[in-house]
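**Q** have a look; sequence and predicted model below, questions after that.
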Amino acid sequence: MNCYDFDKTIFNPDSSVLFTLYCALHHPIAMLRSVPMTIFYGIKYLFKRTDFKSLKEKSFAFLKYLDDVDSDVEHFWATRSGRIEKWYLDRKQNDDIIISASPDFLLRPIAEMLKVRLIATKLDKKTGLIDGKNCKGEEKVKRLKLEYPEAVVDEFYSDSLSDTPMAKIAKRAFIVNKCDLKPWP
């Protein structure tokens, strides 16, 4: 089986950022209600006064002001699924796993559309709160082993060296820069 990071790997740019911008355009009042706290936590994070999980939760706090998150996600993907990289579509297999720090509620529809499995950050679409840990770095390996204990990763693809723990358990790993795939450094 092959495992793929999602954002900036098989999808460009970052789906969470694009979804946040989508919501800002379609639900400006909801976004305005949560921006001050997001900025406050962003500053705290820059000065190492809070962790990334807390910042991410505050960044998604706007979700609690949306009436129908599922509908927004559906509309979001209706116009953005074409951003899936062609190199990925050309090599996609049915046993692929997308493993991402992005929220599961956001990536579930595109994973289903691609007919692949998904491991992602469990973020409550009604509150913006994360259940457990952000699915990043070593957490990706833990989640993969928890959900698929017998998994053997033939190939792993990511745009970020923060995914080195996943690269280490793969038979082959590749660093991705848009369509440029190179062996893991």
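**A** The structure has been received and is ready for your questions. Numbers count the residues shown, from 1 in each chain.
**Q** mind listing what's buried in stretch 82-101?
**A** Buried residues in stretch 82-101, counting neighbours by 16 or more other CB atoms under 10 Å, are found at 84-85, 88, 96-101. The C-beta positions use only the backbone N, C-alpha and C, and glycine is treated the same way.
**Q** which residue ranges of the chain form strands?
**A** 2-4, 97-103, 117-121, 155-158, 172-177, 180-183 (DSSP state E).
**Q** elements contacting the top helix by length along the chain?
**A** The single longest helix within the chain, with elements called by DSSP state H, is helix 28-46. Here helix 28-46 touches helix 15-26, helix 52-59, going by 3 or more CB pairs under 8 Å, 6 or more residues apart in numbering; DSSP states H and E.
**Q** using CSV, lay out these together with mean neighbour count, distance to residue 1 and mean pLDDT.
**A** CSV is the format used below for those (neighbours: other CB atoms under 10 Å; distance: least, CB to CB, whole Å; pLDDT from 0 to 100):
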stretch, mean neighbour count, distance to residue 1, mean pLDDT
helix 15-26, 17, 22, 97
helix 52-59, 19, 28, 96
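**Q** for residue 183, name its beta-bridge partners.
**A** residue 174 (DSSP bridges).
**Q** low-confidence stretches in the chain?
**A** Along the chain, segments meeting pLDDT under 70 are nowhere present.
**Q** put the alpha carbons of stretch 101-119 into PDB.
**A** C-alpha atoms of stretch 101-119 as PDB (Å, rounded to 0.1, in the frame of the first residue of the first chain):
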ATOM      1  CA  ALA A 101      -3.100  16.800   9.600                       C
ATOM      2  CA  SER A 102      -6.100  18.400   8.000                       C
ATOM      3  CA  PRO A 103      -9.500  17.800   9.600                       C
ATOM      4  CA  ASP A 104     -11.200  14.500   8.800                       C
ATOM      5  CA  PHE A 105     -14.600  16.200   8.200                       C
ATOM      6  CA  LEU A 106     -13.000  18.300   5.500                       C
ATOM      7  CA  LEU A 107     -11.100  15.500   3.700                       C
ATOM      8  CA  ARG A 108     -13.600  12.600   4.100                       C
ATOM      9  CA  PRO A 109     -15.700  13.700   1.000                       C
ATOM     10  CA  ILE A 110     -12.600  13.900  -1.300                       C
ATOM     11  CA  ALA A 111     -11.200  10.600   0.000                       C
ATOM     12  CA  GLU A 112     -14.600   9.000  -0.700                       C
ATOM     13  CA  MET A 113     -14.600  10.600  -4.200                       C
ATOM     14  CA  LEU A 114     -11.100   9.200  -4.800                       C
ATOM     15  CA  LYS A 115     -12.200   5.900  -3.300                       C
ATOM     16  CA  VAL A 116      -9.300   5.700  -0.900                       C
ATOM     17  CA  ARG A 117      -8.900   5.400   2.900                       C
ATOM     18  CA  LEU A 118      -8.300   8.400   5.200                       C
ATOM     19  CA  ILE A 119      -6.500   9.000   8.400                       C
END
